[in-house]
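Participant: this one's structure only:
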């Protein structure tokens with residue numbers, strides 16, 4: 001068994017953990033639902049739910065990781081009472097991280113390919129229909145799709161091969177710093193476009209009429225869901241980074257820093273997208289269409305379109321790669337813990353495993369496009385459904401129960417570990433809330449997610 005590494009610096013831990021939480025959903029989903037549900041009024045709900053939903057569960061994941069000194073696969077083994085079966089979730093969480101990477105690597109590959117498409121000027125002087133055709137043509141080309149997915153897998157694992165400190169921590173710090181710098185450049189450009197003020201008003205002005213037209217219940221659930229899913233909690237992808245840090249600082253303060261960074265990126269994405277869309281009279285949709293069709297059209301209308309397009313897709317690639325590296329590290333640590341492998345062996349086997357496991361999603365748009373799941377969609381939709389609608393909420397429930405139940409690790413052990421060190425402490429007085437109310441909220445999110453998926 002190799003010597004277990006630790007983060008060299010606190011900033012490395014925060015940047016790596018934030019990189020795991022900050023993903024493509026921050027950019028292509030958050031701005032859209034903010035505008036749809038009433039701007040600043042929605043953001044207020046979102047922030048409240050981040051604090052009362054996401055923060056406690058994130059602290060629990062970090063705490064389980066730090067107390068056990070193990071990856072998601074083995075952390076429950078180290079802490080569970082004798083004779084209990086909590087460790088089963090460790091295996092489920094590890095499988096969840098594999099499933100997440102089975103579709104995330106494909107989408108990250110799209111980002112990588114678009115850096116080069118923008119830099120080469122492939123979108124220059126194309127009509128909106130032709131730009132849409134570029135995206136659709138890429139999806140239908142299995143060789144191109146597999147190539148870029150393979151590049152993402154290779155880059156991610158090569159970084160992880162260098163180890164925690166020299167590879168993951170160093171790369172995540174550089175990537176996150178670059179991401180923030182590129183984002184600020186894009187925000188400055190978007191805000192100086194003619195007509196940008198209309199987009200800012202749409203984004204930030206509290207519009208309670210939108211909230212009432214959708215129904216307060218729907219708006220609250222949308223805020224709840226976004227705050228919950230933005231942090232990738234529940235499948236142990238953050239617990240691993242808890243296992244790499246010392247006891248110098250209490251974990252609530254660290255979680256607050258990570259959530260603040262995640263929220264900052266999500267809010268800033270809106271300052272790029274809405275001013276740009278309104279300046280050029282384009283409907284700010286959501287999902288892949290926004291990123292790969294709408295925004296290339298907008299960049300085409302700007303001076304130095306190739307430059308702005310390239311910068312934007314570099315920013316998006318960094319957001320995707322930061323998540324990929326974090327999850328890869330969790331997978332590597334998990335198999336090292338489970339089988340006693342060296343890091344090199346774990347990296348090589350995982351590189352091939354993740355590449356092969358990612359092929360169904362990559363080919364699901366072309367060679368395997370005939371495969372369709374009723375009520376869900378294609379292969380990518382199924383993999384996303386398994387993770388987002390099931391493993392994240394139910395996994396969060398397991399962490400909640402484990403840290404609060406006397407049949408699990410227990411509240412006293414959780415609090416003692418979470419509050420070790422300097423900084424913001426986890427409030428003991430909310431024990432009743434996290435033991436009895438928060439699990440019901442998480443169950444509610446899971447059930448309503450199913451209702452929205454299959455019955456509405």
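Facilitator: Right, received. Where do you want to start? Nothing here was measured: the structure is a model prediction, and the numbers come from that model. Numbering: from 1, shown residues only.

Participant: check which helix or strand covers residue 227.
Facilitator: Using DSSP states H and E, residue 227 maps to helix 216-229.

Participant: Residue 210 - how many residues pack around it?
Facilitator: Residue 210 has 16 neighbours, counted by other CB atoms under 10 Å. To be clear about C-beta, it is placed using only N, CA and C from the backbone, and glycine gets the same treatment.

Participant: Pretty sure it sits against residue 33.
Facilitator: No: counting by CB atoms under 8 Å, residue 210 does not reach residue 33; the two are 11.1 Å apart.

Participant: Tell me which residue lies nearest the centroid of the protein.
Facilitator: residue 23 (3.8 Å; CA atoms, centre = their mean).

Participant: residue contacts, the closest residue to that residue other than its chain neighbours?
Facilitator: Distance criterion CB to CB, 6 or more residues apart in numbering; nearest residue to residue 23, sequence neighbours excluded, is residue 323 at 4.4 Å. By CB atoms under 8 Å, 6 or more residues apart in numbering, the contact list for residue 323 reads 19, 20, 22, 23, 24, 104, 108, 232.

Participant: out of these, who's nearest residue 92?
Facilitator: Lowest distance from residue 92 to those (CB to CB) belongs to residue 232, with 15.2 Å.

Participant: before we move on, back to that, I'd like the contacts of residue 323 written out as TSV, with pLDDT added.
Facilitator: Converted to TSV, these look like this (pLDDT from 0 to 100):
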residue	pLDDT
19	90
20	91
22	88
23	83
24	81
104	95
108	95
232	86
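
Participant: Farthest-apart pair in those residues, please.
Facilitator: Taking CB to CB, no two of the contacts of residue 323 sit farther apart than 108 and 232, at 14.5 Å.

Participant: okay, now residue 80: neighbour count?
Facilitator: Count around residue 80 with other CB under 10 Å applied: 20.

Participant: which non-adjacent residue is nearest it?
Facilitator: Nearest non-adjacent residue to residue 80, counting by CB to CB, 6+ apart: residue 86, 4.1 Å away.

Participant: Shouldn't that neighbour be within a helix?
Facilitator: No: applying DSSP: H, G, I helix; E, B strand; the rest coil, one finds residue 86 to be coil, outside a helix.

Participant: Measure how buried it is and give me the count.
Facilitator: So residue 86, with other CB under 10 Å, has 21 neighbours.

Participant: What does the pLDDT read for it?
Facilitator: Residue 86 carries a pLDDT value of 97.

Participant: ok, it to residue 214 distance?
Facilitator: The spacing between residue 86 and residue 214, counted by CB to CB, to the nearest Å, is 39 Å.

Participant: coming back round to it: give the contact list for the residue nearest to the centre of the chain.
Facilitator: 104, 232, 319, 320, 322, 323.

Participant: From what I see, residue 200 and residue 267 are in contact.
Facilitator: No: using CB under 8 Å, residue 200 is not in contact with residue 267, being 11.9 Å away.

Participant: Which positions in the longest helix anywhere in the chain come out as buried?
Facilitator: Counting residues, the longest helix found in the chain (DSSP state H) is helix 305-339. Buried residues in helix 305-339, counted by 16 or more other CB atoms under 10 Å: 305-306, 308-338.

Participant: Could you list the low-pLDDT ranges of this structure?
Facilitator: Across the chain, the ranges flagged by pLDDT under 70 are 1-3, 285-286.
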